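> Predicted structure and sequence below. I'll ask about it afterward.
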Amino acid sequence: MGRARAVAGGGHAVEVEPERLAGWYERFGTRHGGVAHTARGPAEVVVTATDGTTATCAVPFPPLPGTGSAGGLDVEPLVAHLLVPRRIGLLLVRLGGHSTGVAYGGVVEASRTDRRFVQGRSAAGGWSQQRFARRRAGQAREALRAAADDAAAVLMPRLSELDGVVLGGDERALDALRADPRLAKLFALAQPRVLDVPEPRRSVLADAARRARCAEVVLENHGRNHGRNHSRNDRRNG
């Protein structure tokens, strides 16, 4: 079963490995009365079922070659695009921990992981609270500086080899790293999707390397006669 998450505005997104994507779309068609239409753009593929349900995939590492529209299911160019082995930079950051590395074909080749202590929030008030806040802010700055240093050391020397960069973790922590001028070219290669990951560890980085290869397909039910059971089956069969 692929990872599933709710998306804003309704619907769900599932992650599907490239090797399973063709079969996933075939099962999607079977569950929704067949596939009526496939539209392939450079950055997005939309498969529309007969009952009106859509399966939309933002193309990883665009552009997608072989764009066009066709009746029925026509996702072979997307599958072929995802099966191309790529060398990907990974940068996972949460406050107090980070993991960065380079992966090829879903396997980590080089990495660096570190944890820095950052105190939790305090309910105390007055001067104690202010001292605590200053201490915590200093710890957070040190942790983010360490994450930026490791990203610069591990990823920047290999930037010319990378087909793209996949980010993960906390958006605010990543925004702090975006402000580091050393990493500007690195973030220019970043994919739009940010992986939702727990506290970064080496095992979490290995999982992110595999997930970076996946397609994320957003399912939206536009039909009138299909309800929760079909949506649940789509997620289960992702």
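Ah, there it is.

> host element of Gly101?
strand 97-104 (DSSP states H and E).

> which other helices and strands contact that strand?
Where contact means 3 or more CB pairs under 8 Å, 6 or more residues apart in numbering; DSSP states H and E, strand 97-104 is packed against strand 87-94, strand 107-115, helix 126-154, helix 202-211. Placement of C-beta: from N, CA and C, glycine included.

> Alpha carbons only: can I get stretch 57-67 in CSV?
What follows is stretch 57-67, C-alpha atoms only, in CSV (Å, rounded to 0.1, in the frame of the first residue of the first chain):
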residue,chain,number,x,y,z
CYS,A,57,0.1,13.4,-11.2
ALA,A,58,2.5,16.3,-10.9
VAL,A,59,5.4,15.1,-13.0
PRO,A,60,8.5,14.6,-10.9
PHE,A,61,11.6,16.0,-12.5
PRO,A,62,9.8,17.7,-15.4
PRO,A,63,9.4,18.2,-18.3
LEU,A,64,7.7,15.0,-19.4
PRO,A,65,8.5,14.1,-23.0
GLY,A,66,5.8,12.8,-25.3
THR,A,67,3.0,15.1,-24.2
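
> related to what we said a few turns ago, nearest to Trp24 among the helices and strands packed on strand 97-104 would be which one?
Nearest to Trp24, of all the helices and strands packed on strand 97-104, is helix 202-211, at 15.4 Å by CB to CB.

> thinking again about what came up before, from the helices and strands packed on strand 97-104, which stretch is densest packed?
Mean neighbours per residue, mean count of other CB atoms under 10 Å, is largest over these for strand 87-94, with a mean of 25.

> what pairs with that strand, and is each one parallel or antiparallel?
strand 97-104 (antiparallel), strand 164-169 (parallel) (DSSP bridges).

> Present those strands as TSV; the columns should include mean neighbour count, mean pLDDT and distance to Ala43.
As requested, the strands paired with strand 87-94 are exported to TSV (neighbours: other CB atoms under 10 Å; pLDDT from 0 to 100; distance: least, CB to CB, whole Å):
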stretch	mean neighbour count	mean pLDDT	distance to Ala43
strand 97-104	24	96	23
strand 164-169	23	98	13
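
> picking that back up, any idea of the angle the strand holding Gly101 forms with helix 202-211?
Put simply, strand 97-104 runs at 40 degrees to helix 202-211, going by axes from the mean of the first three to the mean of the last three CA atoms, to 10 degrees.

> so what's Leu78 up against?
Residues near Leu78 by CB atoms under 8 Å, 6 or more residues apart in numbering: Leu21, Arg40, Val45, Cys57, Val59, Leu64, Ala215.

> Just give me the residue right at the centre of the protein.
Leu195 (3.7 Å; CA atoms, centre = their mean).

> Without its sequence neighbours, what residue ends up closest to that one?
Distances taken as CB to CB, 6 or more residues apart in numbering place Gly168 nearest to Leu195, at 3.5 Å, with adjacent residues excluded.
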